[in-house]
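*Asks:* need coordinates for the below:
(chains A, B, C and D)
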Number of protein chains: 2
Amino acid sequence: MRRTTTLRATAPAQRASATRPPASRAATAERQIFDTIAEAIAGRRLPPGTKLTEEQLASTFGVSRARIRRVLLLLSQERIVTLKPNRGAYVARPTPQEAREVFAARRLIEDDMAARFAALPPAARAAAARRLTAHVERERAAAAAGDRSASIRLSGEFHQLVGTLAGNAVLAELLEPLIARSSLAIAAYQPPSAEDCAPDEHAAIITALQDGDAALARRLMAEHLEEVEHKLVLDGDAEPAIDLKRVLLGA
Amino acid sequence: MRRTTTLRATAPAQRASATRPPASRAATAERQIFDTIAEAIAGRRLPPGTKLTEEQLASTFGVSRARIRRVLLLLSQERIVTLKPNRGAYVARPTPQEAREVFAARRLIEDDMAARFAALPPAARAAAARRLTAHVERERAAAAAGDRSASIRLSGEFHQLVGTLAGNAVLAELLEPLIARSSLAIAAYQPPSAEDCAPDEHAAIITALQDGDAALARRLMAEHLEEVEHKLVLDGDAEPAIDLKRVLLGA
DNA sequence: CGCGTTAGGATTGTCCACAATCCACGCAGC
DNA sequence: GCTGCGTGGATTGTGGACAATCCTAACGCG
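*Replies:* Residues are numbered from 1 along each chain as shown, chains lettered A, B, ... in the order given. Down below sits the predicted model:
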């Protein structure tokens, strides 16, 4: 037997809000599997291109293949996983173009969210800022402990949290897969030398949000996202197959 | 046998781009079913709350229940359909809050798209504007023919087309379910007296886009969306169940 | 007469076995 | 030695059967 891909069952943070206490047992189990895989991908323990065999996942989580199948379908809907017919599921590899577009979409949405957050009534704003501050503390702790995977996850969750607290749930839902796709783009295109997203920038954003300084918050958020994007190497080396075709057509 | 819900098999416009000519036969069949149902919902032939029985859908489309099941899962991901565990699938009924948030998200995204479109290089912009104009012609024809369902569908497709032509595919993907959800909100909250989206407003937007007048295009687009939203009656009458509870608590 | 209870029927959820598809390897032919 | 073509093994896709769940309605009891 070949060495199976490691998928440690770290219980990830609950996704969205758990409305119903009991809910459906099956549905929650499925969500846990979803979150575990999504988190492993976002945390870059499963790099782009990794094959996700149904059987392996089924035995890993101790469930039937049918359930894995549904989870993979859901993951493919978020563009985190690519489903090739009769070939199986693979961790998605965004194209440079797609990566740029994802970041553009994030800038648009998160700019609006920053403005929205800053416009919150003072009391709610203060409470929300406290939650953000507590979150950044956890980011700092993970960074200090050298836990790279946790750092990455928490950094994404920071942005998600800003969106959730900003008060438009629909926009926050749209943001969620974009953050995951960003992480995928980073995994694919960030040179190993570059540092990840520092908690300090997040802290600066919080200060602006807390003060209700919408203009500053938006500027900092935009700069923060641009900085992350600019660390990526998105030019050059297109797909080898395409290159080949061009060579043949050009020759 | 009871009268089955009418789901005429009008072949809807191809969704996104059909990259591969053969592709997977099953996948395309599934997409067709998806599109047919989605279009029936968006066209308000299936109003919010309608029960979507797996068996009925399966026999209607002549496929197995398993495939219907996948389609319903996908539809529920787009928030067009609500999946209640052990209860089945229902056409979603957005809350007033959700409806407002959907329109807010649309304003944000479509404002950006209008700006993007207006900033296109002149040649591409002219070509794109021609496609929009051709589309509005079809809207006019449907309106003149009194085909309400087609009018609604084409009106949604206009916005989708602006997004597609504006050049950010990721944003255009995000917009798609938002348009469907808008249609659902309209079905739920627009009084029967109100008129639908008129093609003339679309034509005015096209002119501004064509001229590269970003400021005007953005303003017209924003006004257009606001007008649609303001026709809805989103205040008052919360869920009856909630009302009951409040009465009991208050009494 | 109203409420709680309990079968009945229908619908959804799950699993399992089989069919279809595809890649990798090996082999003949040039 | 390289190219092209079958064959084997593994993996995915599909259908059908069965189990679990829930609503409806009738029934009996207080």
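*Asks:* what's the spacing between whichever helix or strand A:Ser183 is part of and its chain's center?
*Replies:* Per DSSP states H and E, A:Ser183 falls inside helix A:169-189. Centroid displacement of helix A:169-189 relative to its chain, using C-alpha atoms, centre = their mean, to the nearest Å, is 4 Å.
*Asks:* for the very next helix or strand once past it, name the packing helices and strands.
*Replies:* Sequence-wise, the next helix or strand downstream of helix A:169-189 (DSSP H and E) is helix A:199-210. Packing partners of helix A:199-210 (3 or more C-beta pairs under 8 Å, 6 or more residues apart in numbering or on different chains; DSSP states H and E): helix A:96-118, helix A:122-144, helix A:148-166, helix A:214-230. All C-beta atoms are positioned from the backbone trio N, CA, C, and that covers glycine.
*Asks:* go through those helices and name the closest to DNA strand C.
*Replies:* Among those, the nearest to DNA strand C by C-beta to the nearest atom of the strand is helix A:96-118 (22.7 Å).
*Asks:* now do the buried residues in that closest one.
*Replies:* A:96, A:98-118 (16 or more other C-beta atoms under 10 Å in any protein chain shown).
*Asks:* interface residues of chain A facing chain B?
*Replies:* Residues of chain A lying close to chain B by C-beta under 8 Å from any C-beta of the partner chain are A:23-24, A:26-27, A:70, A:73-74, A:77, A:85-86, A:98, A:101-102, A:104-105, A:108-109, A:112, A:168-171, A:174, A:178.
*Asks:* domain ranges for chain A?
*Replies:* Taking automatic domain parsing as the reference, chain A has its domains at A:25-91, A:96-230.
*Asks:* export the ones you listed as a markdown table, with columns for distance to DNA strand D and mean pLDDT.
*Replies:* Output for the domains of chain A, formatted as a markdown table (distance: least, C-beta to the nearest atom of the strand, whole Å; pLDDT from 0 to 100):
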| stretch | distance to DNA strand D | mean pLDDT |
| --- | --- | --- |
| domain A:25-91 | 3 | 91 |
| domain A:96-230 | 20 | 94 |
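*Asks:* nearest to B:Ala128, out of those?
*Replies:* domain A:96-230 (17.3 Å; C-beta to C-beta).
*Asks:* ok, A:Ala150 touching A:Ala142?
*Replies:* Yes: look at A:Ala150 against A:Ala142 with C-beta atoms under 8 Å: they come within range, at 4.0 Å.
*Asks:* report the central residue of chain A.
*Replies:* A:Ala180 (2.2 Å; C-alpha atoms, centre = their mean).
*Asks:* could you list every residue that touches it?
*Replies:* Residues in contact with A:Ala180 (C-beta atoms under 8 Å, 6 or more residues apart in numbering or on different chains) are A:Ala38, A:Ile41, A:Ala42, A:Glu78, A:Ile80, A:Gly156.
*Asks:* change it to 7 Å
*Replies:* By C-beta atoms under 7 Å, 6 or more residues apart in numbering or on different chains, the contact set of A:Ala180 is A:Ala38, A:Ala42, A:Glu78, A:Ile80.
*Asks:* what do you get for A:Ala172?
*Replies:* A:Gly163, A:Thr164.
*Asks:* and the closest residue to A:Glu201 other than its chain neighbours, how many neighbours?
*Replies:* Excluding its sequence neighbours, the residue lying closest to A:Glu201 (C-beta to C-beta, 6 or more residues apart in numbering or on different chains) is A:His224, at 4.9 Å. Counted with other C-beta atoms under 10 Å in any protein chain shown, residues neighbouring A:His224 total 19.
*Asks:* return the distance of A:His224 relative to A:Phe103.
*Replies:* Distance from A:His224 to A:Phe103, counting by C-beta to C-beta, to the nearest Å: 11 Å.
*Asks:* and for A:Ala166?
*Replies:* 19 Å.
*Asks:* what comes up buried for stretch A:70-88?
*Replies:* In stretch A:70-88, counting by 16+ other C-beta under 10 Å, buried: A:70-76, A:78-83.
*Asks:* and these, which is closest to A:Ala214?
*Replies:* A:Glu78 (30.0 Å).
*Asks:* quick one, phi psi at the closest one?
*Replies:* As for A:Glu78, its main-chain torsions (degrees, to the nearest 10) stand at phi -90, psi 0.
*Asks:* that one and A:Leu178 touch, don't they?
*Replies:* No: shown here, A:Glu78 and A:Leu178 do not form a contact pair, counting by C-beta atoms under 7 Å, at 9.4 Å.
*Asks:* stretch A:157-174 spans what distance, first to last residue?
*Replies:* Across stretch A:157-174, the straight-line distance between its terminal residues is 14 Å, by C-alpha to C-alpha, to the nearest Å.
*Asks:* please state the offset of it from the chain centre?
*Replies:* So, by C-alpha atoms, centre = their mean, the centroid of stretch A:157-174 is 13 Å from its chain's centroid.
*Asks:* which residues does A:Met221 contact?
*Replies:* If you count contacts by C-beta under 7 Å, 6+ apart, then A:Met221 has A:Glu110, A:Asp111, A:Ala114, A:Ile205 around it.
*Asks:* which of those sit farthest apart?
*Replies:* A:Asp111 and A:Ile205 (11.8 Å).
*Asks:* what residues does the stretch 51-200 of chain A have near DNA strand C?
*Replies:* The stretch 51-200 of chain A comes close to DNA strand C at residues A:Val63, A:Ser64, A:Arg65, A:Ala66, A:Arg67, A:Asn86, A:Arg87, as judged by C-beta under 7 Å from any atom of the strand.
*Asks:* put the buried members of these into a ChimeraX selection.
*Replies:* Only the buried members of those enter the following ChimeraX selection, criterion being 16+ other C-beta under 10 Å:
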select /A:63,67
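*Asks:* just the residues of the stretch 51-200 of chain A next to DNA strand C now: which is nearest chain B?
*Replies:* Closest approach to chain B among these (C-beta to the nearest C-beta): A:Asn86, at 7.1 Å.
*Asks:* before we move on, what SS does the closest one have?
*Replies:* coil (DSSP: H, G, I helix; E, B strand; the rest coil).
*Asks:* leaving out the residues flanking it, which one is nearest to the residue in the stretch 151-251 of chain A positioned nearest to chain B?
*Replies:* Here the residue of the stretch 151-251 of chain A nearest chain B is A:Val170; by C-beta to the nearest C-beta that distance is 3.9 Å. Nearest non-adjacent residue to A:Val170, counting by C-beta to C-beta, 6+ apart: B:Glu101, 3.9 Å away.
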